[in-house]
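J.: Give the three-dimensional model of this entry:
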Amino acid sequence: GGNRGGKIGPPAAFQVGEGHPRRKDLLDYLEVKRKWESKRTDPSGNEPLLSFKPPPEGGERPSEGNGGRGPGYTWTQTPSEVVITIQVTPEHTKKDVSCALHPEHVTVEVGAKGGMKRALTVLGNVRLWARIKAEESFWMLSGGDTLTVTLTKLETKWWRCVTDVEGHAKIDSTLCRGPDLLSEYEGDAEKEMRQFFSKQLARPM
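T.: Numbers count the residues shown, from 1 in each chain. Take a look at the predicted model:
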């Protein structure tokens, strides 16, 4: 018992030494503690108490849909899926589309029709940026001139591109915006750490 005098400390699980797999969590906590104590002594300081913003990766800025462009297609994403959009012609039917979706590779081909003078291989058995749930992925023709391919991600995370093949530009996925990813795919240890920080940072100064 007794009054802790407003001091904060990590949960017992985070008392770790050099070489421990949780060492980074402890160091992150110590950095937050340093900022917390600094703010208590200097309330005017503007250094943020807690920042989960990762360092920039480089690459293009994501589109409004958290995606980008590739040769013959555009793409958007949420934490759980990628949607590839390909412009075709109103004359195209399902018979003109060849689409093979596998856990690590994808092929999308569109036959010549309407204003298209030759068949178009948009993605030719390319390796995807990350694995997908092929059985939950699908394609469809919609709006008369749009082919969409929806890929369901195996892991909930942002992708930098559809494929790492040369000519397919990468985005800086640290700039993607959407649901709080941590609440969707972080492990129990990270959730515990975040909850601990949230409670401490909500306390009055």
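J.: I'd like to know which helix or strand in this protein has the lowest mean pLDDT.
T.: helix 181-185 (a mean of 46; mean pLDDT, DSSP states H and E).
J.: Check the secondary structure at residue 124 for me.
T.: Residue 124 falls in the strand class when you classify it by DSSP: H, G, I helix; E, B strand; the rest coil.
J.: Same question for residue 118.
T.: Of the three states, residue 118 takes coil under three-state DSSP.
J.: Is it correct that it is in contact with residue 109?
T.: No: the criterion here is Cβ atoms under 8 Å, and residue 118 misses it with residue 109 at 11.2 Å. Yep, even glycine has a C-beta here, placed from its N, CA and C like the rest.
J.: Comparing these two, which residue is more hemmed in?
T.: More crowded of residue 118 and residue 109, by other Cβ atoms under 10 Å: residue 109, with 16 against 7.
J.: In the helix or strand containing the more buried one, which residues are buried?
T.: Using DSSP states H and E, residue 109 maps to strand 105-110. For strand 105-110, burial by neighbour count (16 or more other Cβ atoms under 10 Å) applies to 105, 106, 108, 109, 110.
J.: What average pLDDT does it get?
T.: Averaged over strand 105-110, pLDDT sits at 95.
J.: quick one: strands adjacent to it?
T.: strand 97-101 (antiparallel), strand 120-127 (antiparallel) (DSSP bridges).
J.: coming back round to it: show me which of the buried residues of strand 105-110 is closest to residue 137.
T.: Residue 137 lies nearest to residue 106 out of those, by Cβ to Cβ, at 8.4 Å.
J.: Look up how far residue 148 lies from the closest one.
T.: According to Cβ to Cβ, to the nearest Å, residue 106 and residue 148 sit 13 Å apart.
J.: cool, and residue 38?
T.: For residue 38, the distance to residue 148 - Cβ to Cβ - is 50 Å.
J.: And the helices in this structure, which stretches?
T.: For the chain, the helices defined by DSSP state H occupy 23-41, 181-185, 188-201.
J.: Mind exporting the C-alpha coordinates of the longest one to PDB?
T.: What follows is helix 23-41, C-alpha atoms only, in PDB (Å, rounded to 0.1, in the frame of the first residue of the first chain):
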ATOM      1  CA  ARG A  23      14.200  -4.600 -24.400                       C
ATOM      2  CA  LYS A  24      12.900  -2.200 -26.900                       C
ATOM      3  CA  ASP A  25       9.500  -1.900 -25.100                       C
ATOM      4  CA  LEU A  26      11.400  -1.000 -21.900                       C
ATOM      5  CA  LEU A  27      13.500   1.600 -23.700                       C
ATOM      6  CA  ASP A  28      10.400   3.100 -25.200                       C
ATOM      7  CA  TYR A  29       8.900   3.300 -21.800                       C
ATOM      8  CA  LEU A  30      11.900   5.000 -20.300                       C
ATOM      9  CA  GLU A  31      11.800   7.600 -23.100                       C
ATOM     10  CA  VAL A  32       8.200   8.300 -22.300                       C
ATOM     11  CA  LYS A  33       9.000   8.500 -18.600                       C
ATOM     12  CA  ARG A  34      11.800  11.000 -19.300                       C
ATOM     13  CA  LYS A  35       9.400  13.200 -21.300                       C
ATOM     14  CA  TRP A  36       6.700  12.900 -18.600                       C
ATOM     15  CA  GLU A  37       9.100  14.000 -15.800                       C
ATOM     16  CA  SER A  38      10.400  16.800 -18.000                       C
ATOM     17  CA  LYS A  39       6.900  18.100 -18.700                       C
ATOM     18  CA  ARG A  40       6.100  18.000 -14.900                       C
ATOM     19  CA  THR A  41       9.100  20.200 -14.200                       C
END
